[in-house]
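# Generate coordinates for the sequence data below:
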Amino acid sequence: MLENKKFFIQTQGCQMNEYDSDRLGDVLQHNLKMMETNNPEDADMLLLNTCSIREKAQEKVFHQLGRWKKLKIKKPNLLIAVGGCVASQEGKKIRSRSPEVDIIFGPQTIHRLPKMIENIVYKRKKIEIDINFPEIEKFDYLPFSTKSAPTACLSIMEGCSKYCTFCVVPYTRGEEVNRRFDDILCEANSLIKLGAKEITLLGQNVNAYRSLNNKKQHVSFSDLIRYISHIKGIERIRYSTSHPVDFTDDLIQEHHNTKLANNLHLPVQSGSDFILSRMKRKHTVLEYKNIIKKVRKIRPDINLTSDFIVGYPGESDYQFQQTLDFIEELNFSNAYSFIYSPRPGTPASFEKDNISMDTKKKRLKNLQELIKNQSLSYAKKMLDTKQRVLVEGISVKRNNELYGRSDNNKVINFNAGTKHIGDFVDIYITEVRLNSLYGEVIDTVEKKKACN
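Purely as a prediction, here's the structure:
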């Protein structure tokens, strides 16, 4: 009954959610022989993979469910499932507000979705809810990906045990749980066979990774990077996201590894020790600076990016200025920045928010303007340089162009034949824009010079 039925997945939020949505598709295709569609109106099942990191996340979910409700009126047998962090956080409340929802599942129970669907379809159950935290079980039951692509994501751990006061992740994804070392290597080899040349190691806090190998020896995150870099076919490794507390010297030294990409995303959140203490970040501004100083000794031109929260409860003008001074000193090449928004159940949500929204918006604008200038300055240094680019596909905006990413994670667009997709090519940078760069294949540049 379910074979050849169509499903549609809409994803909200982070890179981890994108990864989970891909695995959802793998599970439905592998276990139930269902087929994915890009059109929700053609689907027999609609899945919403949610994120609760930012403000009004719940409202975005219910607005989308309201739109899908209209489709269910037309197709009464249409199944609607809500997964991800909002599902984990809200649970049964979703059903009470949106009766059209059939299935509610958390980030750690996506592998149980086929059974939940069968219970609805075959056993005529009215609602299926599973938002438990079954630790590593999820990865034991997920099939390996079958999608062929030059880049691939590989989840190595789940959850976070840091309990920063503003963050909802430990409550929606659970505490840190590490995948088995051998399983990660096995999946990495599988991705290489599908054509991946670049792998991004994913987790809420990847550098907290700890496991045992088949000899019962302890394996750190830096060990894992080194082992993966020795796999034949892997030419580039990235990772996201990391935490300053777990950024150990052995990980810093691993940046001598030439297969480790030349970009580092290390969230700091604030440049004020007072605010960092209030956030329970467990590190100081000086400790963060020391990490970056050591990394830059190895990688002087590394693409350094971070996260910043503006307007945390109690943040004074002076403390915000400390953050601006901190950004200027460290010279970040990009950052994700947000106005603080209280997340339900977090310690910070109970603190008095005495900062006006107008002040928060002005601070965010000032911070983003500074980051924008630093980002453009970093990109301009790439003008008239040669960059090794892994070609990922055809440009979304211009179908006569290809795009790929350089070693420092900058998007580069250029004209070339589709035969280059999936390969590394050398690109000469001819134009710099804020969010992307443009260039020409080195062979093309050399031919032009020969003609002149």
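# what secondary structure does the residue lying closest to Asn38 once chain neighbours are set aside sit in?
Distances taken as Cβ to Cβ, 6 or more residues apart in numbering place Phe8 nearest to Asn38, at 7.3 Å, with adjacent residues excluded. For every residue, glycine as well, the C-beta is placed using N, CA and C. What DSSP: H, G, I helix; E, B strand; the rest coil gives for Phe8 is strand.
# right, and Phe8 touches Leu48 too?
No - using Cβ atoms under 8 Å as the test, Phe8 is too far from Leu48 to be in contact (9.6 Å).
# quick one on the thing from earlier: look up which residues are beta-bridged to the residue nearest to Asn38.
Counting by DSSP bridges, Phe8 is bridged to Leu46.
# who touches the closest residue to Gly91 other than its chain neighbours in this structure?
Spatial nearest neighbour of Gly91, excluding adjacent residues (Cβ to Cβ, 6+ apart): Ile131 at 5.5 Å. By Cβ atoms under 8 Å, 6 or more residues apart in numbering, the residues touching Ile131 are Ala87, Ser88, Gly91, Ile104, Phe105, Gly106, Thr109.
# can we see that at 6 Å?
Ser88, Gly91, Gly106 (Cβ atoms under 6 Å, 6 or more residues apart in numbering).
# out of Phe8 and Leu48, which sits in the busier spot?
Neighbour count, other Cβ atoms under 10 Å: between Phe8 and Leu48, Leu48 has more, with 24 against 19.
# Over to that one: give its phi and psi.
phi -110, psi 110 (degrees, to the nearest 10).
# Same check on Arg388?
Dihedral angles (degrees, to the nearest 10) for Arg388: phi -90, psi 120.
# can you tell me the helix or strand for His286?
Quick fix: residue 286 reads Leu, not His. Take DSSP states H and E as the rule and Leu286 turns out to sit in helix 285-298.
# Now find how far off-centre that helix is within its chain.
Remark: helix 285-298 is offset 23 Å from the chain centroid, using Cα atoms, centre = their mean, to the nearest Å.
# Run through who's touching it.
Pro244, Phe247, Ile252, His255, His256, Val268, Gly271, Asp273, Leu330.
# Now list the buried members of the residues you listed.
Pro244, Phe247, Ile252, His255, Val268, Gly271, Asp273, Leu330 (16 or more other Cβ atoms under 10 Å).
# which two from these end up farthest apart in space?
His255 and Asp273 (26.2 Å; Cβ to Cβ).
# hang on, the earlier thing: and the residue nearest to Gly91, how far from Asp183?
The spacing between Ile131 and Asp183, counted by Cβ to Cβ, to the nearest Å, is 24 Å.
# Listing request: residues of the protein with sub-threshold pLDDT.
55, 134-137, 444-452 (pLDDT under 70).
# that older thread, would you mind listing the residues in contact with the residue nearest to Asn38?
Applying Cβ under 6 Å, 6+ apart to Phe8 gives the contacts Thr37, Pro40, Ala43, Leu46.
# Looking at the contacts of Ile131, which one is closest to Arg23?
Proximity of these to Arg23 (Cβ to Cβ) peaks at Gly106, which lies at 13.6 Å.
# what's near enough to touch the closest one?
Ala87, Ser88, Ile131.
# ranges for the strands of the stretch 151-300 of the chain?
Using DSSP state E, counting those that start in this stretch, the strands of the stretch 151-300 of the chain run over 151-155, 157-158, 177-178, 198-202, 210-212, 218-220, 236-240, 263-265.
# my bad, the stretch 1-150 of the chain
So, for the stretch 1-150 of the chain - with DSSP E, counting those that start in this stretch - the strands run 6-11, 35-36, 45-50, 79-84, 103-105, 128-130.
# Ok, which of these comes nearest Gly404?
strand 6-11 (22.6 Å).
# Tell me what angle the closest one forms with strand 45-50.
Note on geometry: by axes from the mean of the first three to the mean of the last three Cα atoms, to 10 degrees, strand 6-11 and strand 45-50 are set 10 degrees apart in direction.
# Tell me what angle strand 6-11 forms with strand 79-84.
If you take the same axes, to 10 degrees, strand 6-11 sits at 30 degrees to strand 79-84.
# List the buried residues for strand 6-11?
So for strand 6-11, counting by 16+ other Cβ under 10 Å, buried means Lys6, Phe7, Phe8, Ile9, Thr11.
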